[in-house]
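1. take a look and give me a structure for this.
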Amino acid sequence: MTMIDRKKWGFSGISVFLRKLKHVLKGDNVSVKKIPGISGDYDYLEICHNGSVDYGKIIYVIKENCDHDGFCATLRFILCYLIFAEQHGLVPKIVLSEDFVYYDEEKSKDISNPWEYYFLQAEDSYDETNAKNVCYGNYYQMQMIRERYDMSAYKVENYYNGEILGICSPLVKKYFVLRPEIISDAEELLRKAREKGGKILGIHFRGTDYKYGYNGHPVYIDEAQMIAEIKMAIESEEFSALFLATDDASICDKIESCFSEKEVLLFRDVYRSVGDRSVAFCESERKYHHYLLGYEIARDMYTLSLCDGLLAGKSSVGFISNLYKHSRNEEYEFMHIIDNGNQVSDRQFLAKP
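-> Next up is the predicted model:
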């Protein structure tokens, strides 16, 4: 879809009238505002009047897409909301809820907004709870942008798509500012290898639920194929060290054994699984478990972006890592996204038992 389909996504004049009438009858403190949209057209937004502070702008509140998206998939969807806000002159404020997969009840006693477990709010962020004009992002706005720009991590061409990189990289730089401790952990892991010189190959191995073959998921890259791909990458480039990011415990020892002549780097404190269930939905007795699951993914993702090369299958982790790389005006010297196709099966994704 190259242009917004107003019949599918927009509001007709009758719809706007009915919305206004609904709010009047209910006595809601909500109005409907007509604002310039894309391609010279107009969109209609429901504006809530939460308080008396007029920032001279409409605050656009963004939340998670649903209760079963992984960490980097959530970032992809948030990027769609951010693009919508950018194109409509709105000021984004990212506020995640208890539905966010990495919401942690204990952590939220100190930090109420789960977004702020991992990220700093943008400098021009405003308080939406007392703002005069607030718009709450909805699924259809996100989906409109998602379809317009085809923001899929399951298409190899999207990792090289200049339009996607050009639109998303500045937004990543401004709004996806990781907390200093995550950046510090990533830089420290690679520091000694950097001091020795040579290049570092970042490897993302996606196991767990990819093994199960959910419909629409990329076809699983098994350990033998990944090891063969690493060998070919090393032969084509002079990589002196390997950084392994993985959710699957089964491959760690094999990589270290197969490439013992290389320095193999990985975070040792990561919760990993050997089954076919996403670690995002695995429970543990460790304190702040759900918060830490998100921390570990954010740290792996950012560390991958610091490497000189990227070898990965199709997943949101590699997709977002590449955007972080470009947000610093950098490119991987070597990037190979392995593509075995996508699953066609009757196995539908079930996040929770």
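2. show me which residues of stretch 203-211 are buried.
-> 203-211 (16 or more other C-beta atoms under 10 Å). No exception for glycine: its C-beta is placed from N, CA and C like everyone else's.
3. and it, how far apart are its ends?
-> End-to-end distance for stretch 203-211, by C-alpha to C-alpha, to the nearest Å: 18 Å.
4. I'd like the numbering to begin with 48 instead of 1 from here.
-> Let's use 48 as the start, then, which means that last one is stretch 250-258.
5. before we move on, back to that, got JSON lines for the buried residues of stretch 250-258, with distance to Ile384 and pLDDT too?
-> Converted to JSON lines, the buried residues of stretch 250-258 look like this (distance: C-beta to C-beta, whole Å; pLDDT from 0 to 100):
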{"residue": "Ile250", "distance to Ile384": "12", "pLDDT": "98"}
{"residue": "His251", "distance to Ile384": "10", "pLDDT": "97"}
{"residue": "Phe252", "distance to Ile384": "13", "pLDDT": "94"}
{"residue": "Arg253", "distance to Ile384": "12", "pLDDT": "88"}
{"residue": "Gly254", "distance to Ile384": "17", "pLDDT": "77"}
{"residue": "Thr255", "distance to Ile384": "19", "pLDDT": "73"}
{"residue": "Asp256", "distance to Ile384": "19", "pLDDT": "75"}
{"residue": "Tyr257", "distance to Ile384": "14", "pLDDT": "77"}
{"residue": "Lys258", "distance to Ile384": "19", "pLDDT": "70"}
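6. in strands, which of those residues fall?
-> When these are checked against strands (DSSP state E), the matches are 250-252.
7. any regions of the stretch 48-197 of the chain where pLDDT drops low?
-> Residues of the stretch 48-197 of the chain meeting the criterion pLDDT under 70: 48-75, 83-89.
8. mind jotting down where the strands sit in it?
-> Counting by DSSP state E, counting those that start in this stretch, one finds strands in the stretch 48-197 of the chain at the ranges 77-83, 89-95, 106-109, 138-141, 166-167, 181-183.
9. helices or strands up against the last one?
-> Okay, so that is strand 181-183. Strand 181-183 sits against strand 89-95, strand 106-109, with contacts defined as 3 or more C-beta pairs under 8 Å, 6 or more residues apart in numbering; DSSP states H and E.
10. deepest of the ones you listed, which one?
-> Most buried of these, by mean neighbour count (mean count of other C-beta atoms under 10 Å): strand 106-109, with a mean of 24.
11. can you read off the backbone torsions of Val321?
-> phi -120, psi 0 (degrees, to the nearest 10).
12. quick one on the thing from earlier: between the helices and strands packed on strand 181-183, which one is nearest to Tyr187?
-> strand 89-95 (10.6 Å; C-beta to C-beta).
13. what angle do strand 77-83 and the closest one make with each other?
-> 150 degrees (axes from the mean of the first three to the mean of the last three C-alpha atoms, to 10 degrees).
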